[in-house]
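**Q** missing the sequence, but the structure's below:
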């Protein structure tokens, strides 16, 4: 455990020594703010239209039920944030293993007391921790919807859980792509591709059989993420993201064995 | 130096073979390095030296044969082997974004040292490799000579009984080469030292015995003054290239 702790500390020091960590935190908060205020602006414009004199004024009942903070701001922000994370997370994960390989420091790690499993576990742990920090920061604006948007605390927690699991799933994909490459760019491109493909398989249903379509649908992140957004916490969806994380960690661990055999 | 390192460990390669597809990088290499010996592994570029070291450290799996450190096989007991090895890689494989002291703390921790033992080990390494003036500086801001000192310090920090040094002076200017060679000379006799180089002068100065690899095959092994003491030691390399 001493060696594992030393690696975790080193990973944290390496992460926060580079501007990438601060850039990623700033970028996520900035993007979330932009998305939030853009949807809020549109919502306000719609409200303004409905409350104008020609529509009967604000006191009239002309504002439809679906024009509210929850449906016009909260859900669209989460939907856009989910897609934005597919683009952002790989920038964070691309260096984790690929940089070690490119520098040759992976061999240095492998000649210490650290086993490949410990190396993978430490890198996943630190990345997951940082992703959760990013999500906590980015959640400030959506959380504002609890004040005026009629979202309860339980619902908000379910949404945060969904957003975090989605981000962790993407981080797992990014980490496994980084583990199989010594090029950070290749790792990022591969994880972007994997993230976008896994986000929503529904479109593929039109080209494959019904049975295959159902399987592809089961693999999609989108519907599971959407379920959390609606405040539904399902064990099946949690298991999906946990399984994805475990599968990616196992594959990352396998990359070490592969390299030991193939060179 | 602790009791752990004093005697060094035995290294035994037994018909060690490693293939990369059709290319044979190591072809049935058998040799023994005795405890406490400074052993030079010589050969031209591509002779198989680095592959030998990577098999020894467990980074690569041999295609055939075995290699043992202190009786533990790198194939079946890699953790036991890793626990006995300090490794200085060919180029300075370091973390440029870390400070020297942080990097050495990590290196000691990754080799199982914690608390006061780790603190003492780091202080000892800093003193031994004269890194006191640069301990708070970023590794990436150091000269190549100092980076190589840091690399040596991380390998010695936990006082392992076997230290493997791959091309220690590669890419250094003559003054830095002299510095590193002086450091390595001072470390002889304390533990088993495996020095991998293509510099004949370096091998002669730092090794008790040497082995010469050519095209993955062992073509000579013996006392360094015998193997490299002839009128034309380069003949070995030429013979190997023609093999």
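**A** That came through, no problem. The model shown is predicted, which means the values in this text are computed figures rather than measured ones.
**Q** model confidence for residue A:50, exactly?
**A** In the predicted model, residue A:50 carries a pLDDT score of 76.
**Q** is it in contact with residue A:63, as I believe?
**A** Yes - counting by Cβ atoms under 8 Å, residue A:50 touches residue A:63, with 4.5 Å between them. The way it works is simple: take the backbone N, C-alpha and C, and place the C-beta from them, glycine included.
**Q** now do the shared contacts for the two.
**A** Among the neighbours of residue A:50, none is also in contact with residue A:63 (Cβ atoms under 8 Å, 6 or more residues apart in numbering or on different chains).
**Q** residue B:93 against residue A:103, yeah?
**A** Yes - the pair residue B:93 and residue A:103 qualifies as a contact (Cβ under 8 Å) at a distance of 6.0 Å.
**Q** so which residue of chain B comes closest to chain A?
**A** With Cβ to the nearest Cβ, the shortest gap between chain B and chain A falls at residue B:109, namely 2.6 Å.
**Q** tell me who's in contact with residue A:9.
**A** Listed by Cβ under 8 Å, 6+ apart, the contact set of residue A:9 reads B:106, B:109.
**Q** tell me how far it lies from residue B:29.
**A** Applying Cβ to Cβ, to the nearest Å, the value for residue A:9 to residue B:29 is 39 Å.
**Q** how many neighbours does the residue nearest to residue A:244 when sequence neighbours are not counted have?
**A** Leaving aside its sequence neighbours, residue A:244 sits nearest to residue A:169 (Cβ to Cβ, 6 or more residues apart in numbering or on different chains; 4.9 Å). Burial of residue A:169 is recorded as 26 neighbouring residues (other Cβ atoms under 10 Å in any protein chain shown).
**Q** give me the element residue A:169 is part of.
**A** Per DSSP states H and E: residue A:169 is located in helix A:153-179.
**Q** got the contact list for the next helix or strand after that helix?
**A** As assigned by DSSP H and E, the chain's next helix or strand after helix A:153-179 is helix A:184-199. By Cβ under 8 Å, 6+ apart, the residues outside helix A:184-199 that reach it are A:82-83, A:86-87, A:89-91, A:93-95, A:97-99, A:102, A:169-170, A:173-174, A:177-178, A:180-181, A:219-222.
**Q** so how do I select the buried members of the residues you listed in PyMOL?
**A** Provided next is the PyMOL selection string for whichever of those are buried by 16 or more other Cβ atoms under 10 Å in any protein chain shown:
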select buried, chain A and resi 82+83+86+89+90+91+93+94+95+97+98+99+169+170+173+174+177+178+180+181+220+221+222
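**Q** what is the burial count for residue B:122?
**A** Residue B:122: 26 neighbours (other Cβ under 10 Å).
**Q** and residue B:220, by the same measure?
**A** 17.
**Q** roughly how far apart are it and residue B:44?
**A** Applying Cβ to Cβ, the value for residue B:220 to residue B:44 is 13 Å.
**Q** now do the contacts for residue 17.
**A** All of this is about chain A. By Cβ under 8 Å, 6+ apart, residue A:17 lies in contact with B:97-98.
**Q** oops, I was thinking of chain B
**A** Counted by Cβ under 8 Å, 6+ apart, residue B:17 has contacts B:24, B:26-29, B:62-65.
**Q** repeat the analysis, applying 10 Å as the threshold.
**A** With Cβ atoms under 10 Å, 6 or more residues apart in numbering or on different chains as the criterion, the residues that contact residue B:17 are B:24-29, B:55, B:62-66, B:216.
**Q** residue B:90 now?
**A** By Cβ under 10 Å, 6+ apart, the residues touching residue B:90 are A:104, A:107, B:49-50, B:53, B:151, B:165-168, B:170-171, B:196.
**Q** and those, which of them are in strands?
**A** Using DSSP state E, the members of these that fall within strands are B:165-166, B:196.
**Q** what about the closest residue in space to residue B:107 that isn't next to it in sequence, which helix or strand?
**A** Residue nearest to residue B:107 in three dimensions, not counting chain neighbours: residue B:154, with 3.8 Å by Cβ to Cβ, 6+ apart. Assigned by DSSP H and E, residue B:154 belongs to helix B:144-156.
**Q** helices and strands around that helix, which ones?
**A** Counting contacts by 3 or more Cβ pairs under 10 Å, 6 or more residues apart in numbering or on different chains; DSSP states H and E, helix B:144-156 is packed against helix A:105-110, strand B:85-88, helix B:100-110, helix B:115-128, strand B:162-166, helix B:174-187.
**Q** could you rerun that using 6 Å?
**A** strand B:85-88, helix B:100-110, helix B:174-187 (3 or more Cβ pairs under 6 Å, 6 or more residues apart in numbering or on different chains; DSSP states H and E).
**Q** got the domain boundaries for chain B?
**A** Domains of chain B are assigned by automatic domain parsing as B:8-84+B:164-243, B:95-159.
**Q** redo those domains as CSV? Include mean pLDDT.
**A** Formatted as CSV, the domains of chain B follow (pLDDT from 0 to 100):
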stretch, mean pLDDT
domain B:8-84+B:164-243, 85
domain B:95-159, 91
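**Q** dump those into JSON lines; add distance to residue A:29 as well.
**A** What follows is those, written out as JSON lines (distance: least, Cβ to Cβ, whole Å):
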{"stretch": "domain B:8-84+B:164-243", "distance to residue A:29": "41"}
{"stretch": "domain B:95-159", "distance to residue A:29": "24"}
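**Q** and the host helix or strand of residue A:249, how far from the chain's centre?
**A** Taking DSSP H and E as the definition, residue A:249 sits inside helix A:235-262. For helix A:235-262, the separation from the chain centroid amounts to 17 Å (computed by Cα atoms, centre = their mean, to the nearest Å).
**Q** same check, this time on stretch A:14-31
**A** Centre-to-centre, stretch A:14-31 and its host chain are 15 Å apart (Cα atoms, centre = their mean).
**Q** that concludes my questions; thank you for your assistance.
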